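Asks: just coords:
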């Protein structure tokens, strides 16, 4: 949850609508009501948190570049139902090519460079931010689908949040401390088998930070449990 100028925003990333067809081709069947479940969960959050807006941090659809039949049929309905209850802001990700064809008029399309709320930059995370945004103190991003992947662990396949503290000069021209929050995928099925079914994305933002060393890191599960620090990153990135 983010707040700016008295308005509250729910921020989620990586819905990957259309994933079901891809999983089915791999012999994995998921709930046919997945998209309806995600809509219901988001609208419940809007109501319980009294949110004014929903910020979608990219990869709304699953197919890269093209638009699948399921995405044509489902993405507009998904966005229409959300925008009927709250303002919706869509920051495109690397899977969202041509998504403009699917977006209702009342949804706010943001450029892939992201949007700024107060001192926070919200981006998908697949490209480096501009130095124009160098005044920010925090980056909130998705893209890398953070999940703890270690065979034999009871946490194998669990989605996690990453809270990273880095040197600001590793990303921007300005010096200081930069907080980076990596949002888990909102779609629960990307790592439902506890295996890397898909090539895990890496962000140039995190690549730059890792090259120069993470100052601090906290790994948190969806229920709020802290399970580790930077030592767990090899099982996540």
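Replies: Right, received. Where do you want to start? Everything numeric in this text was worked out from a predicted model, so none of it was measured.

Asks: need the strands for this protein, in chain order.
Replies: Along the chain, counting by DSSP state E, strands occupy 2-4, 7-12, 53-56, 87-90, 108-109, 115-117, 120-122, 138-141, 147-148, 158-167, 177-182, 216-221, 226-228.

Asks: contacting residues around residue 81?
Replies: Neighbour list for residue 81: 39, 43 [criterion: CB atoms under 8 Å, 6 or more residues apart in numbering]. The C-beta positions use only the backbone N, C-alpha and C, and glycine is treated the same way.

Asks: Tabulate the strands of the chain (CSV), appending distance to residue 39 and mean neighbour count.
Replies: Compiled in CSV, the strands of the chain are given as follows (distance: least, CB to CB, whole Å; neighbours: other CB atoms under 10 Å):
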stretch, distance to residue 39, mean neighbour count
strand 2-4, 21, 15
strand 7-12, 12, 18
strand 53-56, 11, 24
strand 87-90, 12, 20
strand 108-109, 18, 14
strand 115-117, 22, 18
strand 120-122, 21, 24
strand 138-141, 22, 23
strand 147-148, 23, 21
strand 158-167, 19, 19
strand 177-182, 24, 20
strand 216-221, 24, 17
strand 226-228, 29, 14
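
Asks: Columns distance to residue 79 on top of the ones you listed, output as a markdown table?
Replies: A markdown table is the format used below for these (distance: least, CB to CB, whole Å):
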| stretch | distance to residue 79 |
| --- | --- |
| strand 2-4 | 20 |
| strand 7-12 | 13 |
| strand 53-56 | 8 |
| strand 87-90 | 6 |
| strand 108-109 | 10 |
| strand 115-117 | 17 |
| strand 120-122 | 18 |
| strand 138-141 | 20 |
| strand 147-148 | 26 |
| strand 158-167 | 23 |
| strand 177-182 | 24 |
| strand 216-221 | 29 |
| strand 226-228 | 34 |
